[in-house]
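> sequence plus the predicted model coming up.
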Amino acid sequence: MEINDLTPAEQRIWRAFATGATVDFRPQGDENGPDSPGIPYGPERTVRAVVLRALLLNGPREPGEIAALKLLGARITGRLDLRRAVVDSMIRLGHCRFDEAPRLGGAQLNYVSLRDSELPGLGAAHSRIDGGLRLTRCRISGPVHLSRAQIQGALYLDGAVIAVADSAVADALVADSAQPVLQLNQISIDDDLCARGLRAHGLIRLDGATVARSLDLEDAELSNPGAHVLDAESLQVGANLLGRRLRSHGRIDLRGARVPGRVDLLRSTLSNPGDTALRASSCVIGELWLREGAQIEGRLNLRRAEINQLHLEPEMLPDEVRLLDLTYTFLTPHEPAERRLPMLERDGGGFDPHGYEQLTAAYRRIGDDQAARLVQLAKQRRRRSTLPWYGKVWGRLQDAAVGYGFRPLRAAVWLLSLLAIGSIAYAGHHPPALKAGEAPDFNPVFYTLDLLLPVISFGQESAFAPTGWYQTLSYVLIVTGWILATTVVAGVTRTVSRQ
């Protein structure tokens with residue numbers, strides 16, 4: 001392309017490229033470019049994409065200078081096509097308006113900044129960007145494709161708005177909610193993925209993505225009601241996944257993700273009524289924070305997840321959870337067992353003894369043995385509901401007698417009560433001796449103990465034979481003593497084996 005073929009605006013850019021100087025087409029006093037809809041883009045602010053392509057591939061160079069494309073406040077007509085190109089120069093196209101979506105697929109680029117620009121989409125799949133990609137505060141009205149891209153620096157999406165405006169494309173995305181508006185699957189980022197305040201209307205796909213440092217979604221608003229809003233299966237994050245004050249309307253899927261630091265959803269709002277709102281099954285997470293936010297609308301799925309520290313407030317739990325084989329070391333904040341047990345009872349997957357064992361272990365680690373016993377008692381009661389009728393009867397007897405071994409003082413109360421009843425009854429009516437003159441002196445207390453305790457004999461029961469109603473009472477005391485002794489042994493055995 002000859003320099004004489006360029007418009008005056010393009011000539012300014014051509015001359016500035018060799019030294020890396022910035023060309024700013026924004027009207028004086030206007031630093032927002034496309035944010036000021038009343039300001040037109042005349043010929044003095046219009047640049048052809050083919051000119052920018054020619055500059056980046058074969059632009060002039062000056063010895064001792066670093067060539068760079070730095071352009072602000074321009075309208076870029078045509079399509080900027082750099083597919084499979086190798087570009088060494090920095091690209092900074094800020095506050096610009098693109099008529100067509102740039103194509104960067106397979107390109108090898110140095111550094112790209114499109115901050116504060118308006119784009120009808122962006123295609124950069126399989127690209128390699130050595131210095132980072134900045135889409136801060138961009139307004140993007142079409143799909144963004146960065147799948148399998150390699151970004152040596154950071155990816156910035158802070159304050160960006162991604163919402164498909166083209167009616168045909170939007171209808172296609174609505175018809176197929178699995179089509180992403182932001183496609184980042186298999187992307188590799190050697191620094192942070194910064195998306196604070198991102199507003200995305202549709203699916204964000206991060207399947208198999210690798211982020212060397214942190215993924216920041218604080219104050220973001222993600223919306224795709226009734227479908228997936230964030231699909232991040234097998235996501236690998238080197239540090240933290242930050243989502244404080246995140247507002248999500250749709251399903252977040254983190255199945256199989258690896259986050260050694262925090263998954264921080266403090267003061268977040270997660271909503272997907274009638275379906276799963278958050279799925280973090282089979283994840284390995286250092287800390288999961290679900291605190292100080294509104295109750296989750298939809299299902300919470302933490303099945304088979306491994307979490308070192310689970311920060312979970314009961315108020316955020318939805319009506320239905322999935323906790324099968326969830327493993328955690330610490331559970332905070334410290335709450336009474338009565339406030340934690342409903343979490344296990346809301347698991348629609350049925351009775352899960354592992355969940356009770358995990359909660360028991362968490363209480364024992366902090367020395368709250370009373371809460372641990374209450375959880376174990378609740379486990380036995382929940383298990384009882386799964387047994388046949390005879391198992392339920394026996395379970396109720398153990399529960400009433402000694403609280404399945406976790407309330408041993410109850411056995412003493414039963415023993416003393418029955419001892420008092422028998423002693424009073426037989427004190428008022430001594431049973432006759434079986435052999436007159438050979439029987440020991442009658443003692444109503446030890447006689448009752450002889451009836452109650454099946455393995456101890458004081459010589460009273462074998463020497464006296466009550467009649468009538470008192471004989472019936474003796475049978476009741478014998479049977480009750482055997483039941484009490486058996487339940488005590490079963491409960492104590494269970495408690496000792498648990499210790």
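Received it, and whenever you're ready, just let me know what you need. Just so it is clear, the structure is predicted and the values come from calculations on it, not from any experiment.

> for the rest of this, base every contact and every neighbour count on C-alpha atoms.
OK.

> where's residue 347 relative to residue 319, distance?
9 Å (C-alpha to C-alpha, to the nearest Å).

> the most centrally placed residue in the chain: what's it in contact with?
By C-alpha atoms, centre = their mean, the mean C-alpha position of the chain lies nearest to residue 280, the distance being 4.8 Å. Residue 280 sits next to 253-257, 301-303, 305 when contact means C-alpha atoms under 8 Å, 6 or more residues apart in numbering.

> same question, residue 14
Neighbouring residues of residue 14 by C-alpha under 8 Å, 6+ apart: 55, 59-60.

> restricted to helices, list those residues.
Taking DSSP state H, the ones among those that sit in helices are residue 55.

> ok, residue 382 - how many residues close by?
Using other C-alpha atoms under 10 Å, residue 382 is surrounded by 18 other residues.

> now name the helix or strand holding it.
Element membership for residue 382, per DSSP states H and E: helix 369-384.

> need the contact partners of that helix.
For helix 369-384, contacts defined as C-alpha under 8 Å, 6+ apart pick out 336-337, 341, 351, 353, 356-357, 359-361, 363-364, 391-392, 395, 403-404, 406.

> among the residues you listed, which are in helices?
Of the contacts of helix 369-384, the ones assigned to helices by DSSP H are 337, 341, 353, 356-357, 359-361, 363-364, 391-392, 395.

> okay if I get the residues you listed as JSON lines plus neighbour count, pLDDT and distance to residue 231?
Formatted as JSON lines, the ones in helices among the contacts of helix 369-384 follow (neighbours: other C-alpha atoms under 10 Å; pLDDT from 0 to 100; distance: C-alpha to C-alpha, whole Å):
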{"residue": "337", "neighbour count": "19", "pLDDT": "87", "distance to residue 231": "34"}
{"residue": "341", "neighbour count": "18", "pLDDT": "86", "distance to residue 231": "30"}
{"residue": "353", "neighbour count": "16", "pLDDT": "83", "distance to residue 231": "31"}
{"residue": "356", "neighbour count": "22", "pLDDT": "86", "distance to residue 231": "30"}
{"residue": "357", "neighbour count": "15", "pLDDT": "87", "distance to residue 231": "31"}
{"residue": "359", "neighbour count": "23", "pLDDT": "87", "distance to residue 231": "30"}
{"residue": "360", "neighbour count": "22", "pLDDT": "88", "distance to residue 231": "33"}
{"residue": "361", "neighbour count": "20", "pLDDT": "87", "distance to residue 231": "33"}
{"residue": "363", "neighbour count": "22", "pLDDT": "89", "distance to residue 231": "34"}
{"residue": "364", "neighbour count": "15", "pLDDT": "88", "distance to residue 231": "36"}
{"residue": "391", "neighbour count": "13", "pLDDT": "73", "distance to residue 231": "45"}
{"residue": "392", "neighbour count": "16", "pLDDT": "71", "distance to residue 231": "44"}
{"residue": "395", "neighbour count": "21", "pLDDT": "70", "distance to residue 231": "45"}
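
> which one of those residues is nearest residue 11?
Nearest to residue 11 among these: residue 359, at 70.7 Å, using C-alpha to C-alpha.

> related to what we said a few turns ago, residue 347 and residue 319: who's more crowded?
Comparing residue 347 with residue 319 by other C-alpha under 10 Å, the one with more neighbours is residue 347, at 20 against 17.

> quick one: that one and residue 325 touch, right?
No: Residue 347 is beyond contact range of residue 325, at 11.7 Å (criterion: C-alpha atoms under 8 Å).

> drop anything exposed from the contacts of residue 14.
Among the contacts of residue 14, the ones that count as buried by 16 or more other C-alpha atoms under 10 Å are 55, 59.

> now distance to residue 373 too, for the contacts of residue 14, in CSV please.
What follows is these, written out as CSV (distance: C-alpha to C-alpha, whole Å):
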residue, distance to residue 373
55, 74
59, 76
60, 79
